[in-house]
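*Asks:* Kindly return the folded structure for what I paste below:
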Amino acid sequence: MMSKEQQKLLYEISMIDFAIVELNEYLDTHPYDTESVQYIAQYNRVKNKMMREYASKYSPLAVRYAEDEPEWSWAMTPLPWEGGCN
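*Replies:* A predicted model of the protein is given here:
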């Protein structure tokens, strides 16, 4: 079972990720919008920081955040369909 803090952080990561996807789609049609390019870079920095925080407190959400995990132990945590994100 996830703690409230873990749920909150995961929710915030998903919100930032949604914003990145939407900005990316916008930039597909407006590639010269420098303000949006700056926003997406900022959101990527925030997401990376949050992903590192999540990995250090709970478990990495992606392989690139598993750098401090011994012997790929991150892969041994329950997956969402196994109740890992409930």
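*Asks:* make it CA atoms for all contacts and neighbour counts henceforth
*Replies:* Will do.
*Asks:* so what's residue 26 up against?
*Replies:* Applying Cα atoms under 8 Å, 6 or more residues apart in numbering to residue 26 gives no contacts.
*Asks:* And for residue 54?
*Replies:* By Cα under 8 Å, 6+ apart, the contact list for residue 54 reads 6, 9, 10, 60, 61.
*Asks:* any idea how far residue 16 is from the residue lying farthest from the centre of the chain?
*Replies:* Taking Cα atoms, centre = their mean, the residue of the chain most remote from its mean C-alpha position is residue 32, at 26.1 Å. According to Cα to Cα, to the nearest Å, residue 32 stands 22 Å off from residue 16.
*Asks:* How about the contacts made by residue 18?
*Replies:* Counting by Cα under 8 Å, 6+ apart, residue 18 has no contacts.
*Asks:* Can you say which of the contacts of residue 54 are buried?
*Replies:* Buried by 16 or more other Cα atoms under 10 Å: 9, 10, 60, 61, out of these.
*Asks:* Beyond the longest helix seen in the chain, next helix or strand please.
*Replies:* Ranked by residue count and defined by DSSP state H, the top helix of the chain is helix 4-29. Using DSSP states H and E, the helix or strand that follows helix 4-29 in sequence is helix 34-57.
*Asks:* distance between that next one and the chain's centre?
*Replies:* 8 Å (Cα atoms, centre = their mean, to the nearest Å).
*Asks:* Buried ones in that helix, by neighbour count?
*Replies:* Buried-residue list, helix 34-57, by 16+ other Cα under 10 Å: 36, 37, 40, 43, 44, 47, 50, 51, 52, 54, 55.
*Asks:* got it, and stretch 21-32?
*Replies:* For stretch 21-32, the buried set under the neighbour-count rule, 16+ other Cα under 10 Å, comprises 23, 24, 27.
*Asks:* Run through the protein and note the low-pLDDT ranges.
*Replies:* Scanning the chain for pLDDT under 70 picks out the ranges 64-77, 79-81, 83-86.
*Asks:* ok, 90 please
*Replies:* Low-confidence segments of the chain (pLDDT under 90): 1-3, 55-86.
*Asks:* ok, back up a step: just send the buried ones among the contacts of residue 54 back as TSV, with distance to residue 1 too.
*Replies:* Output for the buried ones among the contacts of residue 54, formatted as TSV (distance: Cα to Cα, whole Å):
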residue	distance to residue 1
9	14
10	13
60	16
61	16
